[in-house]
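1. Prediction below, plus the sequence it came from.
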Amino acid sequence: MTTPYRPRVYICGPISRGNLAENINQATEAFAKLAKAGFAPFCPHWSVYSAEPATPHPSDKVDRVYTVGSAAGYPGLEHSDWIGIDLPWVAVSQAVLRLPGESKGADLEVECAMSYGIPVFPDVESLIQYCPWFLNND
C-alpha cells in the first residue's frame, strides 16, 4: 500500500524567459520524476495553460477544448499577482526544486523558501537523495 503522505515540493524555474515550451517541458519532466519517487510536486509552470480562456481548436471535429498558453498570462494579472499566488505555495512546501535558468520570480521563490528554512535543491537527484525514505514505499 502506498503511504497517504507525500512531501510537498514546489518546482520553480523560468517560465517566460527563454523558450516557453522548453521551460514547461523541463518543469514537467521534474514533476514526473518527483511524483514517481513519492513526492507531491506543485508545478506553477502549468498555469500558462489556464492563464487565458480555453478555446476549442478550429480544426477539431471532436468536442475537445484546448488552451492557448502564453507567458503574457490572463489580462489583468501582472507578474506581481502570480508571485502573490505562488509564494503561499512555497511557504507550505517541505522542499523547493530550483530549475536552471534565469528567473526573477524563481529567485523570489527561493528567497521565500530560505526565509522559512525550507531546503532548496538544484536538481531532482539531490532532492531524492535528501529524502530516500520516500522512494518505493509500496
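-> In hand now; what should we look at?
2. From now on I want contacts and neighbour counts done on CA atoms only, so please keep to that.
-> Fine.
3. Is residue 41 in contact with residue 8, as I believe?
-> Yes - assessed by CA atoms under 8 Å, residue 41 is found in contact with residue 8 at 5.7 Å.
4. Just want the most central residue of this structure.
-> Central residue of the chain (CA atoms, centre = their mean): residue 43, 1.9 Å from the mean position.
5. measure that one to residue 13 for me?
-> Look at residue 43 and residue 13: by CA to CA, to the nearest Å, they are 10 Å apart.
6. Now the common contact residues for those two.
-> residue 27 (CA atoms under 8 Å, 6 or more residues apart in numbering).
7. can you give me the mean pLDDT across the lengthiest helix in the chain?
-> Scanning the chain for the longest helix, with DSSP state H as the assignment, gives helix 20-37. Averaged over helix 20-37, pLDDT sits at 93.
8. now the helices: where do they sit in the chain?
-> 20-37, 79-91, 104-115, 124-130.
9. pLDDT below threshold where in the chain?
-> Counting by pLDDT under 70, the ranges of the chain that qualify are 1-3, 49-75, 132-138.
10. Please list all residues in contact with residue 24.
-> 15, 45-46.
11. Among the residues you listed, which one has the most neighbours?
-> residue 15 (26 neighbours; other CA atoms under 10 Å).
12. Relative to residue 107, which of the contacts of residue 24 is nearest.
-> residue 15 (12.3 Å; CA to CA).
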